[in-house]
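Colleague: Build me a model from this:
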Amino acid sequence: MYTFIIAEIGINHNGDIELAKKLIDTAVIAGCDAVKFQKRTVDKVYTKEYLAEPRKSPWGETQRAQKEGLEFGKKEYDEIDTYCRGKGIEWYASAWDIDSQKFLQQYDCKYNKIASAMLTNDELLEEVAQEGKYTFIATGMSTLEEIEHAVEIFEKHHCAYELMHCNSTYPMPTEDANLKVIKVLADIYKCKVGYSGHEEGTLVSTCAVAAGASSIERHITMDRTMYGSDQKASIEPYELCKLVKDIRETEKIMGTGEKILTEAEEEVKKKLRG
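Modeller: Sure thing, here's the model as predicted:
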């Protein structure tokens, strides 16, 4: 049993490549397997009317200024690609539109990701599935029927996938975790099922491993009080280190499922049973 651990940087870099590098460093130090970003083409994802609405942020007074301030372009992704290769950690990103997915294709990333919000975007799913890369599919906000439809697209293209149980609230109340769904999805689709969490703390994510999650994805931040919509649903560096350590311990604790007597137990048996 090995749990694939993903540090979701997302947009918590706040448009600052140096902050992104610090977050990558944090993931490497903690022992994560990969870091993940988010990529959007602002004018494709949002309407002109929405982008013109007022929103005060470090980048200006409109929604457009805020959205564009959080986006990395080719220069930054080139740096991310080089930096992650140098650090020996995988990176990939969830695209929120076709242009963004095509942009990401220029990098030799091992994985793709379908964000929960994109699970019903058939055009994007077709584009991703046609690439044939192992894809993590988040299932937040989704019915079983919607998940079934997405799975059919990936199976049609013979693209390997892994579902990720998810509740899309930020932060998620722990009582809404519903981790038994992990086994339900695994039984229905006969595939690996991970967990993408937005709760505070690390307990739910560790419990997800005990519940059978094959991967854990958590948003990370240097400081939850920083500007950003995802910061409060993220974990800080010390929590990420704790989470990775607890996951690896949980893997040992869960064992193999084979009923055996350990050497130590055999010695006790000799004393107590004669």
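Colleague: residues near the nearest residue to Lys110 once chain neighbours are set aside, how many?
Modeller: Distances taken as CB to CB, 6 or more residues apart in numbering put Glu90 closest to Lys110, at 5.5 Å, once the chain neighbours are dropped. Every residue, glycine included, has its C-beta placed from N, CA and C. Neighbours of Glu90 under the rule other CB atoms under 10 Å: 16.
Colleague: Quick check: beta-bridge partners of Glu90?
Modeller: Ala34 (DSSP bridges).
Colleague: swap in Pro54?
Modeller: Taking DSSP bridges, one obtains Thr62 as the residues bridged to Pro54.
Colleague: mind listing the strands in the stretch 151-274 of the chain by residue range?
Modeller: With DSSP state E, counting those that start in this stretch as the criterion, the stretch 151-274 of the chain has strands at 161-166, 193-197, 215-219.
Colleague: mind checking how far the residue nearest to Lys110 is from Gly197?
Modeller: Distance of Glu90 to Gly197, computed by CB to CB, to the nearest Å: 19 Å.
Colleague: Same check on Glu249?
Modeller: For Glu249, the distance to Gly197 equals 18 Å [CB to CB].
Colleague: And these two? Which one has more around it.
Modeller: Neighbour count, other CB under 10 Å: between Glu249 and Gly197, Gly197 has more, with 29 against 12.
Colleague: any idea how far that one is from Cys207?
Modeller: 10 Å.
Colleague: quick revisit: pick the most buried one from the strands of the stretch 151-274 of the chain.
Modeller: Counting by mean count of other CB atoms under 10 Å, strand 193-197 has the highest mean neighbour count of the strands of the stretch 151-274 of the chain, with a mean of 28.
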